[in-house]
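1. With the sequence up front, the predicted model follows.
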2 protein chains.
Amino acid sequence: MAVSVRIQGMLESSSWIRRMFEAGNALRAAHGAEKVCDFSLGNPDVEPPPEFQRALLEVVSAPIPRKHGYMPNAGYPEVRALVAEQVGREQGAALSGDHIVMSCGASGALNACLKAILDPGDEVIASVPCFMEYASYVDNHGGKLLFAPCRDGFDLDVAGIEGRIGPRTAAVIINSPNNPTGRIYPESTLRELADMLLRAGRRTGRAIYLLSDEPYRKLAYEGAVVPAVMRLYPHSLVATSYSKELSLPGERIGFAAVNPAADDARRLVDGIILCTRILGYVNAPALMQRVVARLQGKAVDVEIYRKKRDLFCAALSSMGYELSKPQGAFYIFPKAPKGDDLALARALQEELILVVPGRGFNYPGYFRIAYCVDTPVIERSFAGFERVARKLRAG
Amino acid sequence: MAVSVRIQGMLESSSWIRRMFEAGNALRAAHGAEKVCDFSLGNPDVEPPPEFQRALLEVVSAPIPRKHGYMPNAGYPEVRALVAEQVGREQGAALSGDHIVMSCGASGALNACLKAILDPGDEVIASVPCFMEYASYVDNHGGKLLFAPCRDGFDLDVAGIEGRIGPRTAAVIINSPNNPTGRIYPESTLRELADMLLRAGRRTGRAIYLLSDEPYRKLAYEGAVVPAVMRLYPHSLVATSYSKELSLPGERIGFAAVNPAADDARRLVDGIILCTRILGYVNAPALMQRVVARLQGKAVDVEIYRKKRDLFCAALSSMGYELSKPQGAFYIFPKAPKGDDLALARALQEELILVVPGRGFNYPGYFRIAYCVDTPVIERSFAGFERVARKLRAG
């Protein structure tokens, strides 16, 4: 066999997002790309802010010796210091550059953090619906991802998470604003989570890490502020990237930040740096480290996304789709008519519309729309969504 | 404990290269950076060739929509096609873009390839002395690295490799030009290796992959050509980067190439792409993919390194150090006087000279000099090398 048994199995069961991507390619080939309304991928359509191009040109033109050479695995000290200042402001915590490890995107940060804390057989808990790649990231390092339910309206169900905690629990992953729901977890819920984790950690005899995956932090609407985990819970880590807030997902630039209040935070940082090296990331891309350092606190114009959200939500609601209006990110997660997300995704495909069924996030009965696409594409899709709503309600 | 048991163990036994790096920082702090001669790191001092800066500015200025967005996990199809042409020429194999997976450096390519082929308990064989990170890369995916001896003069010992092969052998890793020896394996040796692997694969009932780590391919001196593995052995993969040939190690850009003649090559490529995604690399950095695509076949001026090699080798030989003149890469791997690499490294540190003891490559008794540093630093170190040679021979 050309690949290992486990990878063979994964190739056969490839992810729903990937399946929709392939279905999309088939539709585009058959009908022409301009006919297909593809809401299956979280690839920002908004260009990076103008400051980005200026910063990029500045760094490209600056006479810096060995500009593209190795630096310490954690990143340039001056970049880490600037990132720490910004994270410190956002999290209300006293971070220095020593608490930051620059990474190849949020996924690189998550993998380095998980490798640093997991021994084989350890468990990590995530709340559904969630980005299913978490299961691979945990499995990469010998851990097991357990799924906790959520409350109505997609808030965290703290009691549900508590019910999954056992002696092997190493971490809980949260993602706010959430992919796929767009939910921002309120501070009251996070406080409840923090209290529960402190109690549970005393019970199990090990600190349970709270790993906060925050790439959508700056895509929050109507002035919503994403509550800071570091102020609420000592054993917390933030993994994030500039992919969404600066529209740079292809450049693989992000970081992990460790709460200075965590037990033995210094050793944890050293572990994450070691894992960045041995996982083969080695370091975050050099040029982009220097570019994002100049853009701390900057983000794309979120009003662009807010308008798309409002347009899409209003149209879907008027057609009878049930949905919670997302507070951030660029996803809507409506209920599938009659709760059948596969029938819905198939019926939409016949209309040349691509979405991801909720089971792709371990949450059947719903579906994800990524609305980071041109407004005319959104508008063009409405007739199809309408026909499908009528058809499935009648059928 | 802040980190997992296994990472705690690794932090305590951190690599020799890392230890030398820390020793270097201590020496620089105590004596001033300009006093320390640091030959411990393979960080190219030669700037990228002038074509690089032109290509970079071109790509940065080009009006390409979603230039920094996601692309397929394997990389841009047009970039993969250009890379395939170049690899096809070098390897004498009929590659298309479908056989290339762009990666975050050679280490990213190695990890994606190893994850694709290894089941827990599988074995990989490497010849000593070797880059010890291979052991971590194999361990990341549940495999075990076995070490084979080498012949005098650091050529591969094919019988030694054969002696390590068993039913769990998944792959043999080679690295030519070699880090740390600078050896280029001759075609006759590779042919012998290929024949042995074919025989062994028939015996064990599974194709044994030959994974060729080639980041120094274009750093070969006096017209030496690095023999192509793909022409000699069907189940071969190349993992490489532009880090050394274009002096871009900080940018993390490289690729994996699969021999079209490998059994079920298509599935193997699909597995590597899947692993690029689930390991959290997601894709090679977008901007640098487009830049290196324009620089296929280009390299830094190797004469610069060749002159440093000649200068260093002549001086060391005249002092009585025993060495094989390296044919490529930018390392020299001399014998430590009286075979004690630790005593040698310590004595050199007293002279403010940093090298890596051979045990850092699982080959005690020798030491590695990375001569990718300014020529005046090389010249300044000679007096120290001379004193240490005399002292250790006398001692």
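-> That came through, no problem. All figures in this text were calculated on a predicted structure; none of them were measured in a lab.
2. Give the buried residues for the worst-scoring helix or strand of chain A on mean pLDDT.
-> Lowest on mean pLDDT, DSSP states H and E among the helices and strands of chain A sits helix A:16-31, with a mean of 82. Going by neighbour count (16 or more other CB atoms under 10 Å in any protein chain shown), the buried part of helix A:16-31 is A:16-17, A:19-21, A:23-24, A:27-28. Every C-beta, even on glycine, is put in place using the N, C-alpha and C of the backbone.
3. cool, and stretch A:115-125?
-> Neighbour-count burial for stretch A:115-125 flags A:115-119, A:122-125 (criterion: 16+ other CB under 10 Å).
4. The helix or strand following the least confident helix or strand of chain A - what's its average pLDDT?
-> Under the assignment DSSP states H and E, the closest C-terminal helix or strand after helix A:16-31 is strand A:37-38. The pLDDT scores in strand A:37-38 average 94.
5. Distance to chain B added to the buried residues of helix A:16-31, as TSV?
-> TSV is the format used below for the buried residues of helix A:16-31 (distance: CB to the nearest CB, whole Å):
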residue	distance to chain B
A:W16	14
A:I17	10
A:R19	13
A:M20	14
A:F21	9
A:A23	15
A:G24	12
A:L27	17
A:R28	14
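6. nearest residue to the one residue in the stretch 101-250 of chain A that gets nearest to chain B other than its sequence neighbours?
-> Residue of the stretch 101-250 of chain A nearest chain B, by CB to the nearest CB: A:G250 (3.1 Å). Excluding the flanking residues, the one nearest A:G250 by CB to CB, 6 or more residues apart in numbering or on different chains is B:A286, at 3.1 Å.
7. for A:N179, helix, strand, or coil?
-> Secondary structure, DSSP: H, G, I helix; E, B strand; the rest coil: A:N179 is coil.
8. Was I right to think the residue nearest to A:G250 contacts B:G69?
-> Yes: here B:A286 reaches B:G69: they are 7.2 Å apart, a contact under CB atoms under 8 Å.
9. Compare these two (neighbour count), which wins?
-> B:A286 (27 against 21; other CB atoms under 10 Å in any protein chain shown).
10. what is in contact with B:A286 and B:G69 at once?
-> Common contacts of B:A286 and B:G69 (CB atoms under 8 Å, 6 or more residues apart in numbering or on different chains): A:G250.
11. list the buried ones in stretch A:44-55?
-> A:44-49, A:52, A:55.
12. Farthest pair within those?
-> Maximum pairwise distance among these (CB to CB): 21.2 Å, between A:D45 and A:A55.
13. does the longest helix anywhere in chain A come close to chain B?
-> Taking DSSP state H as the criterion, chain A has its longest helix at helix A:375-394. No: contact of helix A:375-394 with chain B (CB under 8 Å from any CB of the partner chain) is absent, the minimum separation being 14.0 Å.
14. counting contacts, what elements does that helix pack onto?
-> Packing partners of helix A:375-394 (3 or more CB pairs under 8 Å, 6 or more residues apart in numbering or on different chains; DSSP states H and E): strand A:37-38, helix A:302-318, helix A:341-350, strand A:353-354.
15. Next, the angle from it to helix A:341-350.
-> Angle of helix A:375-394 versus helix A:341-350, following axes from the mean of the first three to the mean of the last three CA atoms, to 10 degrees, is 130 degrees.
16. can you list contacts of helix A:375-394?
-> A:37-39, A:307-308, A:311-312, A:315-316, A:319-321, A:336-338, A:340, A:343-344, A:347-348, A:351-353, A:371.
17. Buried subset of the residues you listed, written for ChimeraX?
-> Only the buried entries of the contacts of helix A:375-394 go into this ChimeraX selection, using 16+ other CB under 10 Å:
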select /A:37,38,39,308,312,315,316,319,321,336,337,340,343,344,347,348,351,352,353,371
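18. Make JSON lines out of the buried residues of helix A:16-31 and add distance to A:A394.
-> Shown next, in JSON lines, are the buried residues of helix A:16-31 (distance: CB to CB, whole Å):
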{"residue": "A:W16", "distance to A:A394": "26"}
{"residue": "A:I17", "distance to A:A394": "29"}
{"residue": "A:R19", "distance to A:A394": "27"}
{"residue": "A:M20", "distance to A:A394": "25"}
{"residue": "A:F21", "distance to A:A394": "30"}
{"residue": "A:A23", "distance to A:A394": "24"}
{"residue": "A:G24", "distance to A:A394": "27"}
{"residue": "A:L27", "distance to A:A394": "24"}
{"residue": "A:R28", "distance to A:A394": "29"}
